[in-house]
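> Based on what follows, work out the 3D shape:
(chains A, B, C and D)
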4 protein chains.
Amino acid sequence: MLSIRDPVHGFIRADPLEAALIASRPFQRLRFIHQLGFTFLVFPGAEHSRFSHALGAMHLAGRVYDALCGTGDGLLPPGSSAPERRLVRAAALLHDLGHAPFSHSAEELFEESLDHEEMTRRLIALPEIERAFARHGDGFEPADVIRLHAGSHDPRATPSRRLLAHVISGELDVDKMDYLLRDGLYCGVRYGSYDLERLLDTMLPLEDPASGDWGIGVEEGGVHALEALVMARYYMFTQVYFNVTGKALELHFNAWLEENGCRWAADPERFLAEDDVSTWTTMRRSPSPHARAVVAREHFPLAFETREHLSREEKDRFEELLPGLRDRFGGGNLLLSNSAKDPHRMGKSRSRVLVRRFDGSLEPMERASQFIRHLARIDRYRVYTPAPLREAVAAALRERWTPPG
Amino acid sequence: MLSIRDPVHGFIRADPLEAALIASRPFQRLRFIHQLGFTFLVFPGAEHSRFSHALGAMHLAGRVYDALCGTGDGLLPPGSSAPERRLVRAAALLHDLGHAPFSHSAEELFEESLDHEEMTRRLIALPEIERAFARHGDGFEPADVIRLHAGSHDPRATPSRRLLAHVISGELDVDKMDYLLRDGLYCGVRYGSYDLERLLDTMLPLEDPASGDWGIGVEEGGVHALEALVMARYYMFTQVYFNVTGKALELHFNAWLEENGCRWAADPERFLAEDDVSTWTTMRRSPSPHARAVVAREHFPLAFETREHLSREEKDRFEELLPGLRDRFGGGNLLLSNSAKDPHRMGKSRSRVLVRRFDGSLEPMERASQFIRHLARIDRYRVYTPAPLREAVAAALRERWTPPG
Amino acid sequence: MLSIRDPVHGFIRADPLEAALIASRPFQRLRFIHQLGFTFLVFPGAEHSRFSHALGAMHLAGRVYDALCGTGDGLLPPGSSAPERRLVRAAALLHDLGHAPFSHSAEELFEESLDHEEMTRRLIALPEIERAFARHGDGFEPADVIRLHAGSHDPRATPSRRLLAHVISGELDVDKMDYLLRDGLYCGVRYGSYDLERLLDTMLPLEDPASGDWGIGVEEGGVHALEALVMARYYMFTQVYFNVTGKALELHFNAWLEENGCRWAADPERFLAEDDVSTWTTMRRSPSPHARAVVAREHFPLAFETREHLSREEKDRFEELLPGLRDRFGGGNLLLSNSAKDPHRMGKSRSRVLVRRFDGSLEPMERASQFIRHLARIDRYRVYTPAPLREAVAAALRERWTPPG
Amino acid sequence: MLSIRDPVHGFIRADPLEAALIASRPFQRLRFIHQLGFTFLVFPGAEHSRFSHALGAMHLAGRVYDALCGTGDGLLPPGSSAPERRLVRAAALLHDLGHAPFSHSAEELFEESLDHEEMTRRLIALPEIERAFARHGDGFEPADVIRLHAGSHDPRATPSRRLLAHVISGELDVDKMDYLLRDGLYCGVRYGSYDLERLLDTMLPLEDPASGDWGIGVEEGGVHALEALVMARYYMFTQVYFNVTGKALELHFNAWLEENGCRWAADPERFLAEDDVSTWTTMRRSPSPHARAVVAREHFPLAFETREHLSREEKDRFEELLPGLRDRFGGGNLLLSNSAKDPHRMGKSRSRVLVRRFDGSLEPMERASQFIRHLARIDRYRVYTPAPLREAVAAALRERWTPPG
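Numbers count the residues shown, from 1 in each chain, chains lettered A, B, ... in the order given. The predicted model follows:
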């Protein structure tokens, strides 16, 4: 067993399959993808890469598996080398392979309009990943991982596979369980903290009577741990991921890529050479003001921001202001961000987190917790502009924009 | 006040002078110098740069200043904006400017045989640093920082300046106070931990009766905190800084630089462009096997290592074996490291750490602590060689090398 | 300076006045008053007494003082020996002197219908406290402490004294700042945790434009720390202080005291002899089933509980059921608890916690935080009864009690 | 499963046998035995009882069992309900039953010269413990626990039982693994901390080639965790357990018991009524100055203490001074303590802790660790005397006692 030190989880072990996957080029590339894009320019501690996050997600996948099978409904066979456990760990390890340079910063800009999930699939299909499975996979193959990544939507999947799909991507998945703790630690904030041990302790597989689907639920005694997780995520988004300066750098980065027509390679072999080091090196040499805005942190200042929780109607109203603004100040002088996140529709999956009450009845977490129930969707616009225009843009927006009474 | 989040110290504040220094190019360059060189390839969490270490050292310089002036002997005036306090913080902030790419990994390879201290001085003398002091320095100038870095050896320095020089570089300086906590946290090991609060609480300025020099001492009640610091350093060296794989990568890195005759620029303007990103980019493109050994982690395996605590006599005896070994296997096939550190002759300074006993008498920490007294000097050789030669080299060394009875 | 180790705050220092107060009989008596009454029979770690809580409150009073005067509006003079700082520390140290055995468990049962605040005043008026002030108080006398305890209602109090009164008792006082951390630690739960350093860092004195009164407010950047404190308190009440078993033990304890007509002495000298040791000793020897219910933990089981957040109308409706229930099962067979707490009308004080927004405007914390705004008042009834009656009582209540739609 | 919150270990689970044992009178009595005797009068946080320590020891016994059987030599069958695992947990739970009031403070003063181990056996033999085993013990009986407590000396014991005996009492037993963490936490000191997870991770059963006995050993990678444990114990003894004031209170306590001819009951039923509450109540009422010295903390001050590490020869020499001292000042005016502990002959067991080196060879921890090797035995005398005699006693001892050159 390979044994790796980790700031969040202490020791992370890897069996021979996992060690071979870690040693592969697609995985080693993650060392050079900042987990939080340009956030390290705002929170200096956040210099960590996707590499250790992926290790942490694998580690947690094993722990969640053990928690779910310890509850004894027989869906998942126990034991540290149970095949399904190995599969879900491998899937967690590889879940982020396809991230573009600087992670989410410019994740839309793939050739062929790919997304990072599709790139992940292409990288998993590379011969070297195939060889690792052939040699150490005990019958599993890359396609099993890809199917698990595809989620619980596969109607042919067994109940246990559909349950495991939620471990990788769902309301309570190992991705966010790891990144909240890890990003909080590296940023030096306390927002990301929640009681991991308690959460694992109270997790269990639950069948949703509404959908018939199996998902990850929580016992009533764990509602506070669940609340803490949801709120940790909420705080991390408002304070760190949607940080006002970080967003400015991201906008310039996208503008620079766009002005050069840059796209992340769709071919996996070419994609392997694209990482933060190569991108930063190119940006450093670029004469573009947008590149310089990032590299020398000479970004547009904020001219205006809306409140944090816009309604649908307010959003429409705000967007109607934009054409006039662009006409007056010039589209190139306005960088616009829309930061939006629904705090408790956590994953893409439509499935709900259920709470099993002491009397055995089930209810969705939004009913079980008054905190979660009242959490408002984050949705905010920000407008950045060159310093000389700042006052004029701000005044123009203040004049036209009436926040709700 | 600029306020910066930090994983180790929580919040770090910077006044306008400090903020201007942080914004300067020499300081921003530190974002791209890994604090621990290639260690991140062994301990994945160790992706942190010199940037936050330098901030942490500045923060601790203020705390040590407050601790020392709180003991009331009048050497240092109290108050958070006392000029001497500002000076020692600025000196701590800038103490690492001159580090070469990958920090200590190849720190000998400067043009003109400079060392990183000299490069630090050259960078501090740049006009942009000068301007920051002129604008916000309240009378201080870069030369004051340089003199403080020069240490306590300046015979014209006042007692308070000599005391402050120990804060920057000495047996109990803010450099190691910060790096032990920081490196331990990022590596995910517990070795680096010691009781910082207790140590600050029991620190005091003491005049060494032997030398007449002022230094940083500790009250008897703080001996355990001091022991913990010394042992933390000992463990970090044996387990992390002298890690067997990390050393191999360093040897290949030096071999690659040597074979190309690369030297770090002596000119500060050119030096500003040399960092880990530029160096890694060059190494990636290099066809040299030594470059590939680092980039693809295909390094020579360890063939042999001596025990951890060689005596002078053993070292001589080991070195006598080397010519024969090189003759037989070829010098290019042998990479040799000598990892050495004296655990409680901590800084370059010759001054001692004194402990003030409850009865007011003074004794050196080596006498006050049985742990520190018995700590042996770390001194070990390791020989790395290509895998096909490994067994033969190991056998040759086992045969010739007799460890002491 | 006396230096005392503390699990929560590390080191607590006491000057000669504080040391003399700590050594007095009324303060030493607190060693034998469990901080959380009978909670140690449910959470075994909670064996701590009011003694260290009072030390912790004193320590925090100094820290809050420093935080408030560091913001520089000149209300409070800085310096670790400022007279007002010494006063507020002494007031915090002595704020809990008058607690009856087992703290809040039977705090209504004083002779002369005293409450524990009045007993605190009587103990502070004892000659030994007077002597401590006369000797070390630098002009302060016990009456100053008593006036500070009396709160901000004294119309003759200066603005600074009214501000300091909030440090002792108010929405953001040192009592709850300490007990949340301390009780959470000893109980082994994480609920009580909040970011103390951040809260101190963002505290400031604010004048409420509505009332003209000075109070403790928080900068916008500290809203999350404030939210965490409010939620910590909410969780501690629902999970620990209103624990179902702890409440049962308290009801039996009160029933035992009532059946014997026991009352806590109104005379302070006699009161000094009444603590948990003397009370437990008497209870042990008592043949009363209520005493045995506590001592041998043979308490009535829970028969019924309402939901956690009753409305006023529901409460009235529930209370109307009680006479019929008592008629049918016998009043002695029913123990009724009503656990109620308003989570963010935190102290008795009517003053509000204001948040100073980045633009300088003020708003109450209930507006600044969606979490705090939506926190519902805790208000719940529980009925305990002997085991043989449990089912019948439960059925009778289920039948008559309709929870709201 | 009963689930209990614990400040040190988070959650502790108890199965039906364990829950029945916890509910028994001998175990509940431990709630009223202070874990550290009178230490709470010096370190106010140390108000914890043997009750939670015993729960913690049980919890750790399970974890150590899992660590030892995870190494796969087949001595111990895996599984959370393996019979041997249940046995060693029960033995850990009950290992401290026989402690006299205030724990070690006056542990010599049993009727019939019993010791607390013998009293533990008598309590385990009580019918209520027998009944718990009969009902839930799955074939185990109290005698199995008693045999395990008896240690590894039983020549008829199987290798696995001899190994388990070391879990209860040995160089690396759960007693000290728990008390170091627990006492450190409650006292508010950091001395007791060591890396529990790393230690468990590197533990393994090893057969000592010298004795043929099985014991608990450590892999080479865990030497630092082992060192930290040994040093934690060393610090806790020098700073807490042998605290100068705590020792004074203990001496008065013993003197008070002796002057009244008090002995702890040899009959287990009578012994059940003897705890800290009953003893403190008696002491409070006693007119004896020794009782008052404890209750009102009016103890003799320290007149003299030797250095911490006396040699055998020095001890003899010191003891020769005592008759003359008693003649001159009166035996009743002198309270003498001898605090002695060998820091790495940790348990009573003669067996050694072995370290398994990377190459598979074994060596005793004293050889593997330079820190442990050099730890000196603690052995110190202290003399306390009434304040008026203090100077004279101190002078007499200083004059006659020459510390070694």
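> State the number of residues packed around A:Thr281.
By other C-beta atoms under 10 Å in any protein chain shown, the residues close to A:Thr281 number 15. C-beta: built from backbone N, CA, C; applies to glycine.
> Grab the nearest non-local neighbour of A:Asn338.
Sequence neighbours aside, A:Tyr381 is the residue nearest to A:Asn338 in space, at 5.4 Å (criterion: C-beta to C-beta, 6 or more residues apart in numbering or on different chains).
> Flag every buried residue along stretch A:67-81.
In terms of neighbour count (16 or more other C-beta atoms under 10 Å in any protein chain shown), stretch A:67-81 has its buried residues at A:67-69, A:71, A:75-76.
> Please tabulate the residues you listed in a markdown table, including the columns secondary structure, distance to A:Leu41 and pLDDT.
Rendered in a markdown table, the data for the buried residues of stretch A:67-81 read as follows (DSSP: H, G, I helix; E, B strand; the rest coil; distance: C-beta to C-beta, whole Å; pLDDT from 0 to 100):
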| residue | secondary structure | distance to A:Leu41 | pLDDT |
| --- | --- | --- | --- |
| A:Ala67 | helix | 37 | 94 |
| A:Leu68 | helix | 39 | 94 |
| A:Cys69 | helix | 43 | 89 |
| A:Thr71 | coil | 44 | 73 |
| A:Leu75 | coil | 45 | 86 |
| A:Leu76 | coil | 43 | 91 |
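> Closest one to D:Ala228 out of those, please.
Proximity of those to D:Ala228 (C-beta to C-beta) peaks at A:Ala67, which lies at 29.8 Å.
> Confirm for me that the closest one is in contact with A:Leu200.
Yes. Taking C-beta atoms under 8 Å as the contact criterion, A:Ala67 and A:Leu200 are neighbours in contact, 4.5 Å apart.
> So which bits of the stretch 1-150 of chain A are right by chain D?
Residues of the stretch 1-150 of chain A lying close to chain D by C-beta under 8 Å from any C-beta of the partner chain are A:10-11.
> Show me which helix or strand of chain A is least confident by mean pLDDT.
Here the helix or strand of chain A ranked lowest by mean pLDDT, DSSP states H and E is helix A:370-374, holding a mean of 84.
> what's next to that one, contact-wise?
For helix A:370-374, contacts defined as C-beta atoms under 8 Å, 6 or more residues apart in numbering or on different chains pick out A:226-227, A:230-231, A:343-344, A:365-367, C:231, C:370-371, C:373-376.
> so what pLDDT did the residue nearest to A:Asn338 get?
Each residue has a pLDDT score; the one for A:Tyr381 is 97.
> what's it in contact with, if anything?
A:305-306, A:310, A:315, A:318, A:336-338.
> Just the buried subset of those residues, written out for ChimeraX, thanks.
In ChimeraX, this line selects whichever of those come out buried by 16+ other C-beta under 10 Å:
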select /A:305,306,310,315,318,336,337
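> show me the residues around A:Arg292 that make contact.
When the contact criterion is C-beta under 8 Å, 6+ apart, the partners of A:Arg292 are A:286, A:298.
> near chain C, which residues of the stretch 101-250 of chain A show up?
The stretch 101-250 of chain A comes close to chain C at residues A:190-191, A:195, A:198, A:224, A:231, A:235, A:239, as judged by C-beta under 8 Å from any C-beta.
> redo that, cut-off 10 Å
Within reach of chain C by C-beta under 10 Å from any C-beta of the partner chain, the stretch 101-250 of chain A has these residues: A:189-191, A:193-195, A:197-198, A:221, A:224-225, A:227-228, A:231, A:234-235, A:238-239.
> Can I get the buried ones among the residues you listed as something I can paste into PyMOL?
The PyMOL selection below is limited to those of these classed as buried (16+ other C-beta under 10 Å):
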select buried, chain A and resi 189+190+191+193+194+195+198+221+224+225+227+228+231+234+235+238+239
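> contacts with chain B among the residues of the stretch 101-250 of chain A next to chain C, please.
When these are filtered against chain B using C-beta under 10 Å from any C-beta, the residues retained are A:189-190, A:239.
> and the residue of chain A nearest chain C?
Taking C-beta to the nearest C-beta as the measure, chain A has A:His374 as its residue closest to chain C, at 4.0 Å.
> Give me the neighbour count for that residue.
13.
> same thing with A:Arg307?
The number of residues packed around A:Arg307, counting by other C-beta under 10 Å, is 11.
> Also A:Phe11?
Using other C-beta under 10 Å, A:Phe11 has 14 neighbouring residues.
> Sort out which residues of the strand or helix carrying it are buried, please.
Following DSSP states H and E, one finds A:Phe11 within strand A:10-14. In terms of neighbour count (16+ other C-beta under 10 Å), strand A:10-14 has its buried residues at A:12, A:14.
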